[in-house]
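Student: Using only what follows, build the 3D model:
(one chain, ligands or ions: 2)
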Amino acid sequence: YPWGYDGDNGPDQWHKNYPTAKGRHQSPIEINNKEVHYDRSLLPWFASYDPGAAKTILNNGKTCRVVFDDSFDRSVLRGGPLQGVYRLRQLHFHWGSSDDHGSEHVVNGVRYAGELHLLHWNPKYSNYLDAVRRTDGIAVLAIFLQVGKTPKPEMKRILEEINAIKTKGKEAPFPNFDPSILFPKSHDYWTYHGSFTTPPCEECITWIVLREPIIVSSDQMAKLRSLSKNAENEPDLPLVDNWRPTQPRYFRMVSASFL
Ligand SMILES: NS(=O)(=O)c1ncc[nH]1
Ligand SMILES: [Zn+2]
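Tutor: Ligands and ions are numbered 1, 2, ... in the order given. Model (predicted):
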């Protein structure tokens, strides 16, 4: 069912076709220091990604996504709050119409210009679609994008491909890419149980939100905003503000791996 981010099919309407969107474990949320609980038993997390697993980059009209081969434990995330390994399936971005907003999670009132999500699924379930029906089915590593003067050179590779996927439905080969080159220095993180931030908003995600943002340039954010949410034979509508507003935390604990 066609859902979007504005007007009559925006986030406030999603629950009409996707009732889970009004659940008690929805994402994103506000992360406020006052309500976070330092958990010294939390382990560090580790990503072991095979660059050869990267396959294609695409514009699906909602985001820019890089897809990986997840047919075996080839690129995995482990540790942190997770039991066992989770397979990397795809990464994608959320961003705003200007540099002062665009992230989905909000930290102590701070909205970043964007947010990178690396989505992994638990191979103890037979496939991805089975995993999204389980509370421990999915793990998303979230990294904030902050606009600054000295952008991370590793972002260039993704943004150079944007010209090849300008319009909805366009896909281009994206070989030999290890997304861990995008990680910030610090592995400090917050973790909580939540949901997909897009419909059907299943509540199957262990979120691992990194404290340290990565720096991108204003030009790089403008590059993301040059994507169109429409196909090439349709009017060019800028793909911007593809972020869901924060949702009620209710009775969830947000744990921090750092003091
Ligand atoms: N933004 S999210 O990571 O919750 C997501 N991944 C795939 C669909 N939605
Ligand atoms: Zn996302």
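Student: How much space separates the residue nearest to the spatial centre of the chain from residue 220?
Tutor: Note on the chain: the residue nearest the mean C-alpha position is residue 117, at 2.0 Å, using Cα atoms, centre = their mean. To residue 220, residue 117 is 17 Å away according to Cβ to Cβ, to the nearest Å. To be clear about C-beta, it is placed using only N, CA and C from the backbone, and glycine gets the same treatment.
Student: Need the three-state assignment for the residue nearest to the centre of the chain.
Tutor: Going by DSSP: H, G, I helix; E, B strand; the rest coil, the secondary structure assigned to residue 117 is strand.
Student: For whatever residue of the stretch 1-150 of the chain ends up closest to ligand 1, name its beta-bridge partners.
Tutor: In the stretch 1-150 of the chain, the residue that lies nearest ligand 1 is residue 117 (3.9 Å; Cβ to the nearest ligand atom). Counting by DSSP bridges, residue 117 is bridged to residue 92, residue 142.
Student: So the residue nearest to the centre of the chain is in contact with residue 95, correct?
Tutor: No - if you go by Cβ atoms under 8 Å, residue 117 and residue 95 don't touch, sitting 11.6 Å apart.
Student: and residue 16, how many neighbours does it have?
Tutor: Neighbours of residue 16 under the rule other Cβ atoms under 10 Å: 12.
Student: Do you know the pLDDT at it?
Tutor: Listed pLDDT for residue 16 reads 97.
Student: now do residue 142
Tutor: Reported pLDDT for residue 142: 99.
Student: Equivalent analysis for residue 258, please.
Tutor: Residue 258 is assigned a predicted lDDT (pLDDT) of 98.
Student: and if you look at residue 8?
Tutor: Model confidence at residue 8 (pLDDT) stands at 89.
Student: Next one: the residue of the stretch 1-150 of the chain closest to ligand 1 from residue 159, what distance?
Tutor: Computed as Cβ to Cβ, the residue 117 to residue 159 distance reads 17 Å.
Student: Tell me the residues of the stretch 51-200 of the chain that contact ligand 1?
Tutor: For the stretch 51-200 of the chain, the residues in contact with ligand 1 (Cβ under 6 Å from any ligand atom) are 117, 119, 140, 196-198.
Student: neighbour-wise, which of those residues leads?
Tutor: residue 197 (26 neighbours).
Student: in which helix or strand would I find that residue?
Tutor: Per DSSP states H and E: residue 197 is located in neither a helix nor a strand.
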